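Colleague: Below are the sequence and a predicted model; questions follow.
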Amino acid sequence: MVFATWPKAEFLLAAIKTYNDKRFLSIFFFGISSGFPWIMIGSVLSAWLKDEGLSRSAIGLFGMIFATYSFNFLWSPLVDKLKPPMLGQRRGWIFAMQSLIVMCCLTMSLLRAESDLYYVALVGLFIAIASATQDIAIDGFRIDTIAENDRDGMSAASSVATAGWWTGYGGLGAIPFFLADMTTWTWPSMYLLLAGFMLLLMLATLFTQEPVVDREALLDRVSHKQSTQSSLGYWLKSTLVTPFAEFFSRNGVKLAASFLLFIFLFKIGEAFLGRMSIVFYKEVGFSNSDIATYSKLLNWWVTILFSILGGIVNIRYGIYKGLMIAGIAMAASNLLFAVIAQTGPSTSLLAVTVIVDGFTGAWSTVAMVAFISLLCNRAFSATQYALMASLSVAGRTLVASSSGLFVDALDGNWSLFFVCTALMVIPSLCFLYSIREDIKKVECSNN
């Protein structure tokens with residue numbers, strides 16, 4: 001019996017050893033910086049607008065500012081090509097965008113939703129643009145940091161990045177909701193606190209080491225630069241055309257399109273749920289402290305735990321199985337929210353639901369991030385990752401922004417809404433099954 005279990009124990013030790021790398025600390029902090037702005041324009045802004053009396057439809061449409069994340073691939077080539085004068089290719093962009101987010105938070109603290117709604121939306125849009133641009137550089141940093149063709153390292157880095165993202169979104173995001181139940185704090189004043197947290201993350205950026213990548217050599221190897229080509233023409237081609245052409249050329253048009261379609265479909269059901277979650281919690285009867293304790297803090301710890309476990313499972317069993325498990329759990333978690341809608345504000349049921357939902361979010365994100373990372377060519381790491389990540393986010397922004405209208409069309413029937421979101425998962429699972437062999441081939445080619 002001992003000898004039968006020894007290989008599994010040996011694998012577990014090897015998987016844990018993969019995480020023993022100081023570079024993962026930088027990836028973790030950048031994950032925090034990536035998730036943190038979603039508090040500013042997501043849950044905090046939704047709670048603020050709900051308390052100001054805006055309708056479900058209006059709050060859902062306010063989420064259109066997240067569409068910025070769906071289009072950041074349009075300017076991602078510039079982040080790949082233009083090097084800031086300080087801190088290097090990746091850190092320079094990250095630090096600049098963090099600075100812009102701080103300034104936007106300070107501006108938001110001066111606004112009032114009842115009289116400055118247009119400006120609240122405009123500043124929120126600027127935060128989204130800065131955050132989406134920061135994400136391009138952060139994703140490029142992570143891919144550049146891990147050795148090429150290191151599938152295990154990429155899976156581990158993806159899990160660490162996911163844990164960091166949820167630390168920013170869930171861990172730090174709980175604080176405003178605890179403070180909201182105190183009469184001395186208003187929603188606008190929360191943005192001063194959020195600006196302070198972002199300043200601390202800027203310090204982490206300063207102390208991070210820039211990854212060493214000979215991008216020009218990689219680019220020349222891929223694009224086969226011609227001596228007769230003008231420098232401007234070469235720059236425009238290598239910046240705007242080559243990254244996308246290389247992806248379709250390497251995978252073939254049909255397979256590349258299949259990968260992109262799956263990435264778009266995978267999280268649509270979860271997106272409909274997430275867009276309206278704060279509004280749902282408040283309408284059902286949960287307090288701000290309940291939201292902070294369960295939706296933020298508990299979800300944070302659950303997500304960190306399952307992010308690490310998800311990374312280990314992806315290393316051991318492959319990305320396809322990780323995605324399939326996550327998709328099935330995604331539907332189950334949505335059905336649990338339907339039960340809450342029927343039973344009312346039960347904190348014990350909310351805790352169970354949050355645990356399942358945290359598992360789903362962590363497992364699916366780790367697998368998806370690892371999958372997308374493996375599809376990228378290192379010469380265009382930020383650009384190609386931004387293209388695919390934009391499609392992943394598109395379902396959570398463009399489509400899910402109508403979630404408020406959907407609930408209103410159902411006359412506020414939250415149970416039916418969540419059942420519908422569970423059914424939305426089925427097409428993506430069928431599509432995942434149809435491309436399973438192609439996903440396994442991508443994994444094998446990166447070993």
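Modeller: Here it is on my side, so go on.
Colleague: only C-alpha atoms for contact and neighbour calcs from this point on.
Modeller: Noted.
Colleague: what's the average pLDDT for the helix or strand where Gln384 lies?
Modeller: Applying DSSP states H and E as the criterion places Gln384 in helix 381-394. For helix 381-394, the mean per-residue pLDDT is 72.
Colleague: now for that helix, which elements pack on it?
Modeller: Using 3 or more C-alpha pairs under 8 Å, 6 or more residues apart in numbering; DSSP states H and E, the elements in contact with helix 381-394 are helix 68-71, helix 76-81, helix 117-145, helix 242-251, helix 253-265, helix 347-375.
Colleague: how about the fourth one: buried residues?
Modeller: Meaning helix 242-251. Using 16 or more other C-alpha atoms under 10 Å as the test for burial, helix 242-251 gives Thr242, Pro243, Phe244, Glu246, Phe247.
Colleague: rewinding a little: any chance of the helices and strands packed on helix 381-394 in JSON lines, plus distance to Phe418?
Modeller: Output for these, formatted as JSON lines (distance: least, C-alpha to C-alpha, whole Å):
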{"stretch": "helix 68-71", "distance to Phe418": "24"}
{"stretch": "helix 76-81", "distance to Phe418": "35"}
{"stretch": "helix 117-145", "distance to Phe418": "27"}
{"stretch": "helix 242-251", "distance to Phe418": "36"}
{"stretch": "helix 253-265", "distance to Phe418": "17"}
{"stretch": "helix 347-375", "distance to Phe418": "13"}
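Colleague: Go through these and name the closest to Asp408.
Modeller: helix 117-145 (21.8 Å; C-alpha to C-alpha).
Colleague: What's the first helix or strand after the closest one?
Modeller: Where DSSP H and E defines the elements, the next helix or strand beyond helix 117-145 is helix 151-166.
Colleague: can you list the residues that contact the next helix or strand after that next one?
Modeller: Going down the chain from helix 151-166, the next helix or strand is helix 174-180, by DSSP H and E. Helix 174-180 has contacts (C-alpha atoms under 8 Å, 6 or more residues apart in numbering) with Val44, Trp185, Thr186, Trp187, Met190, Asn288, Ser289, Ile291, Ala292, Thr293, Lys296, Leu297.
Colleague: Stretch 255-263 too?
Modeller: With contacts defined as C-alpha under 8 Å, 6+ apart, stretch 255-263 is touched by Phe247, Phe248, Met368, Met388, Ala389, Leu391, Ser392, Ser428, Phe431, Leu432, Ile435, Asp438.
Colleague: so what's the fourth one up against?
Modeller: For Met388, the contact set (C-alpha under 8 Å, 6+ apart) comprises Leu260, Ile263, Ile372.
Colleague: quick one: which of the residues you listed is most hemmed in?
Modeller: Within the contacts of Met388, most neighbours by other C-alpha atoms under 10 Å means Ile263, with 24 neighbours.
Colleague: Against Leu429, how distant is it?
Modeller: In this view, Ile263 and Leu429 are 11 Å apart by C-alpha to C-alpha, to the nearest Å.
Colleague: and what of Val212?
Modeller: 38 Å.
Colleague: Report the separation between the nearest residue to Val302 once chain neighbours are set aside and Ala326.
Modeller: Excluding its sequence neighbours, the residue lying closest to Val302 (C-alpha to C-alpha, 6 or more residues apart in numbering) is Gly358, at 5.6 Å. From Gly358 across to Ala326, the span is 11 Å (C-alpha to C-alpha).
Colleague: correct me, but Ile143 touches Leu375?
Modeller: No - Ile143 lies out of contact with Leu375 (C-alpha atoms under 8 Å); the separation is 10.8 Å.
Colleague: higher neighbour count, those two?
Modeller: Higher neighbour count among Ile143 and Leu375: Ile143, with 25 against 21, using other C-alpha under 10 Å.
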